[in-house]
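Below are the sequence and a predicted model for it; my questions follow.
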Amino acid sequence: MTKSATGSAGRDSAIVRAFDYIDGGEFEGELARRVAFKTESQKSDSLPELRRYLNEEMIPAFKDMGFDCTIHDNPLPNLGPFLLASRHEGDGLPTVLGYGHGDVVRGQDDQWTKGRGPWQTTREDDRIYGRGTADNKGQHSINMAAMACVLKERGQLGFNAKYLIEMGEENGSIGLRQLVEQNLDSFAADVFMGSDGPRIRADKPTLTLGARGAENFNLVCDLRKGAHHSGNWGGLLADPAIILAHAIASIVSATGEILIPEWLPPQMPGSVKDALSKIEIETIGGGPAIDPDWGQPGLSAPEKVYGWNNFAVLAMTSGNPERPVNAISPGARAVCQLRYFAGTKVDGLIPALRRHLDAHGFQNVAIKPPPAANAGGFSASRTELDNPWVAYVSGSFKRTTGEAPAVLPSMGGSICNEVFTDVLGIPAIWIPHSYTACSQHAPDEHILLSGCRSAIELMTGLYWDLGSKEVKRP
């Protein structure tokens, strides 16, 4: 820890408390208890467990910090609820809205090779394994503990705090936008500061100011009923898998370049290019090697993922790949996704695809909605790089460590960022505590204890500064 530039002994003491929380094992104990909740929001019978996580873990923790807690049912049926915890300290103080999600993806219990499976945390050197350790129970546990350290040291936060815990992020945050629109006063704040996703490097504190949107859809080529013997009918019957493969090849090149002009984002702003020129993408720690020739030509690796659109085929089938028969299949299907950057003309994406397929002779390829479990629904949004809150958070981090954080204009993935920037109309700053090779959404998910120690130091310093008269707020 670097002694704070403000010379605040209280700030330094609060950070020492935070280190004790990590080093003394309290964090691992809380995380183990929270990971044990099987909060798989993608399962239809998970609603009781989602509620139990809020009632038995989140509400007691927030009430211990003097927060008032309200559980909001999802405006849509049979979907995860939301918790809004609020602590009001003064009418003249700024209000900071925090965020975390307590739901996780499916456990994939039989595929884990590390630890004791998804529902029991296991410490191996610097890694803590368990479903939700990185996404997102570990991250919101760190932020909550950082606020508790400030409260114990100063007796008050010095700002008004609201904290949203949602239980359906892994289902696409369905219902969140409607909830906020129906309760604008309850969620009103001056700035959003939430934690999800990975840092640009495990050892590099990172701020992310937006998210790419996701447009998911199916491409389907159904030609006839039933399969037909490939010896008797091969050469006479059109093969739907071959047609679909050529349709996809007309959308994207063999090296991943998008070929539909309407699918491209507007010209990348100079401020975005400048910010991304300072970024290096981590390729160590178990992550895959980058394919340098894949994607939009002429762009750097950070520009491709944090400033450009990307098309992907998530799944593709024709016949039964596990038990193939010598027959021409009647149909083929591909589950597709376009991740798009802020500024892309979203309403024109699917109509442009239809025109493109028709122009290339693929009238027999239909565009259909995706499966409900992969419906997407997030829109692209971004807080501008010159927003004063960005400089404020960066300054706080530099006071703590002596080093400025990396600043990303947008994360590569998609999240409910537009609810805060567009519906609430406030700047949104994401402060991720994980790293890219954490295996989130996969077996062997884990978080780095060293990263948690770094994260709680930064968050404790930030929460201290937000309530300090020594540091001028925007």
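Everything's here; your move. What you see is a predicted model; the values in this text were computed from it and never measured.

so what does the helix or strand hosting residue 148 touch, helix or strand wise?
For residue 148, the enclosing helix or strand under DSSP states H and E is helix 137-154. Here helix 137-154 touches helix 9-23, helix 26-35, helix 59-64, strand 95-101, strand 160-166, helix 449-466, going by 3 or more C-beta pairs under 8 Å, 6 or more residues apart in numbering; DSSP states H and E. In this view, the C-beta of every residue, glycine as well, is placed from N, C-alpha and C.

Ok, which of the ones you listed comes nearest residue 311?
strand 95-101 (26.9 Å; C-beta to C-beta).

Provide the contact partners of the closest one at residue level.
The contact list for strand 95-101, computed with C-beta atoms under 8 Å, 6 or more residues apart in numbering, reads 136-137, 139-140, 143-144, 159-170, 187-196, 420, 424, 426, 466.

could you redo the last one with a cut-off of 7 Å?
Residues outside strand 95-101 that contact it (C-beta atoms under 7 Å, 6 or more residues apart in numbering) are 136, 139-140, 143, 159-167, 169, 187, 189-195, 466.

In stretch 166-186, which residues are buried?
166-177, 179-180 (16 or more other C-beta atoms under 10 Å).

contact partners of it?
39, 41-42, 50, 53-54, 72, 74-76, 79-82, 84, 101-105, 187, 375-378, 416, 419, 423-424.

Separate out the buried members of the residues you listed.
In those, the ones that pass as buried (16+ other C-beta under 10 Å) are 39, 41-42, 50, 53-54, 72, 74-75, 79-82, 84, 101-105, 187, 376-378, 416, 419, 423-424.

Okay, and which of those residues map to strands?
72, 82, 84, 101 (DSSP state E).

Turn these into a markdown table, including pLDDT and distance to residue 338.
Listed next are these as a markdown table, based on pLDDT from 0 to 100; distance: C-beta to C-beta, whole Å:
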| residue | pLDDT | distance to residue 338 |
| --- | --- | --- |
| 72 | 98 | 32 |
| 82 | 98 | 28 |
| 84 | 98 | 33 |
| 101 | 98 | 24 |
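
Can you lay out the residues you listed as a markdown table showing distance to residue 129?
Below are these laid out as a markdown table (distance: C-beta to C-beta, whole Å):
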| residue | distance to residue 129 |
| --- | --- |
| 72 | 32 |
| 82 | 28 |
| 84 | 31 |
| 101 | 19 |
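
ok, so of these, who is nearest residue 333?
Taking those together and measuring to residue 333 by C-beta to C-beta, the closest member is residue 101, at 30.2 Å.

Tell me the spacing between the residue found closest to the closest one once you drop the neighbours it is linked to in the chain and residue 79.
Leaving out its chain neighbours, the residue that sits closest to residue 101 by C-beta to C-beta, 6 or more residues apart in numbering is residue 169, at 3.7 Å. For residue 169, the distance to residue 79 equals 11 Å [C-beta to C-beta, to the nearest Å].

Can you give me the neighbour number for residue 254?
Residue 254 sits with 7 neighbouring residues when counted by other C-beta atoms under 10 Å.

Next, the distance between the ends of stretch 33-46.
18 Å (C-alpha to C-alpha, to the nearest Å).
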